[in-house]
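Engineer: this is a predicted model, with the sequence first.
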Amino acid sequence: MNIELLYIKDCPNFKPARRLIHDIIRSFGKPISLGMKLRKIEIKDSNDAEKYLFPFSPTVRINGEDIEPETAKTTGLACRIYRNGTGLPDRDVLKCKIAKAAGLKTILFVCTANAVRSQMAEAIVNHFLHNEWIAFSAGIMPMEVRKGVAEVMKEIGIDISMNRAKHIDLFKDCAFDRVITLCSDADRLCINYPVHDERDRIIFHDPVSTYGFRFGHVSALRKLRDEIKEILLKHIGDC
C-alpha cells in the first residue's frame, strides 16, 4: 500500500498531517502497521504542481487516489481546506480509507445520535476484535456523547474520553464491509448509507429514553455496555 503526503515548504499543516497519518498507522498495531509506509513529496514550484496534479497543501493520496476528491478540483501552491473546514482531512475518514486499502475488514455502527450505543459498539469491537475488524460509528442526528458513557467504558479498560459524535454523511465517500444499525429509528429513517457489502440490524434499547434514567444512569449504561459486548463479540466474532 502506498500512502503519499504532498506538501509545500513551510506549510503549517504539513507536520500535523504527518503526525495524523503516523498516529493512524500505529493504531492498527503490529504486524499490520509494518506494511504501511508514508512517502513525503515536496512540491517546489508550479511545474511540480502540474506534474503531480497538486490540489494545495497538504494532500494525502492512498494508492494514487486523493483522500477527498471533491476538494481536489484545482492545483496551486497554497494551503488546502478540506470538507471539515480545516487544513487536515478528517481522522476517521482517513483511517477508514487506509484500512480498506490495506485489506482490513471495516464495520460501521449506526444509531440515532451516535451518543451512546454506536459509540460503545465501535469501542468494544476495536478493543476486543482489533485483529479482525476496524470499527467506526455515526448517527443520523448526532448529539454530544452522553455523560457516563466514557465512565462505564473505562471500567473495562477502554478510553473513549476524546470521542465525538459524527454524522453518517461524514463517511459518504468511504466503503465498509458491514454496516450495522443499532436502533429502530436509524434502521427506519437512514437512507444515505455509505457503500457497503452487507447491512444488518441488531437493536438495543436506548436507556436514555427510559423514565428515571438520570437517577440511575451509570447502572443503566453499564447494563447496556455488557449487553452490547456480549452480543457483538459473538455475532461479529463468528463472522
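Structural biologist: Arrived safely, thanks for sending.
Engineer: tally of neighbours for Lys15?
Structural biologist: 11 (other Cβ atoms under 10 Å). For every residue, glycine as well, the C-beta is placed using N, CA and C.
Engineer: I should have written Lys30 there, sorry.
Structural biologist: Neighbours of Lys30 (other Cβ under 10 Å): 7.
Engineer: can you classify it by secondary structure?
Structural biologist: Secondary structure, DSSP: H, G, I helix; E, B strand; the rest coil: Lys30 is coil.
Engineer: how much space is there between it and His130?
Structural biologist: To His130, Lys30 is 11 Å away according to Cβ to Cβ, to the nearest Å.
Engineer: can you list the buried residues in the lowest-mean-pLDDT helix or strand in the chain?
Structural biologist: Here the helix or strand of the chain ranked lowest by mean pLDDT, DSSP states H and E is helix 184-189, holding a mean of 82. By neighbour count on 16 or more other Cβ atoms under 10 Å, the buried set for helix 184-189 is 185-187.
Engineer: touching that helix from outside, list them.
Structural biologist: Where contact means Cβ atoms under 8 Å, 6 or more residues apart in numbering, the residues beyond helix 184-189 that reach it are 110-112, 139-140, 181, 201, 203.
Engineer: with stretch 39-59 instead?
Structural biologist: The contact list for stretch 39-59 (Cβ under 8 Å, 6+ apart) reads 2-9, 11, 13-14, 17-18, 66-67, 71-81, 87-88.
Engineer: just the buried residues of those residues.
Structural biologist: 3-8, 11, 13-14, 17-18, 66-67, 71-72, 75, 77, 80, 87-88.
Engineer: find the residue closest to Ile8 in space, skipping its chain neighbours.
Structural biologist: Ser57 (4.3 Å; Cβ to Cβ, 6 or more residues apart in numbering).
Engineer: let me know the closest of the buried residues of helix 184-189 to Met153.
Structural biologist: Within the buried residues of helix 184-189, distances to Met153 taken as Cβ to Cβ reach their minimum at Ala186, with 20.6 Å.
Engineer: tell me how far the residue nearest to Pro69 when sequence neighbours are not counted lies from Arg222.
Structural biologist: Using Cβ to Cβ, 6+ apart and skipping residues adjacent in sequence, the residue nearest Pro69 is Asp173, 7.4 Å away. The gap separating Asp173 from Arg222 is 36 Å, by Cβ to Cβ.
Engineer: could you do Lys40 as well?
Structural biologist: Distance of Lys40 to Arg222, computed by Cβ to Cβ: 46 Å.
Engineer: which secondary structure elements does the lengthiest helix in the chain contact?
Structural biologist: Ordering each helix of the chain by length in residues (DSSP state H) puts helix 217-237 first. Judged by 3 or more Cβ pairs under 8 Å, 6 or more residues apart in numbering; DSSP states H and E, helix 217-237 is in contact with helix 117-128, helix 149-154.
Engineer: now the last one: buried residues?
Structural biologist: The reference is to helix 149-154. By 16+ other Cβ under 10 Å, the buried positions in helix 149-154 come out as 149-150, 152-153.
Engineer: got CSV for the buried residues of helix 184-189, with distance to Asn163 too?
Structural biologist: Conversion of the buried residues of helix 184-189 to CSV gives the following (distance: Cβ to Cβ, whole Å):
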residue, distance to Asn163
Asp185, 21
Ala186, 18
Asp187, 22
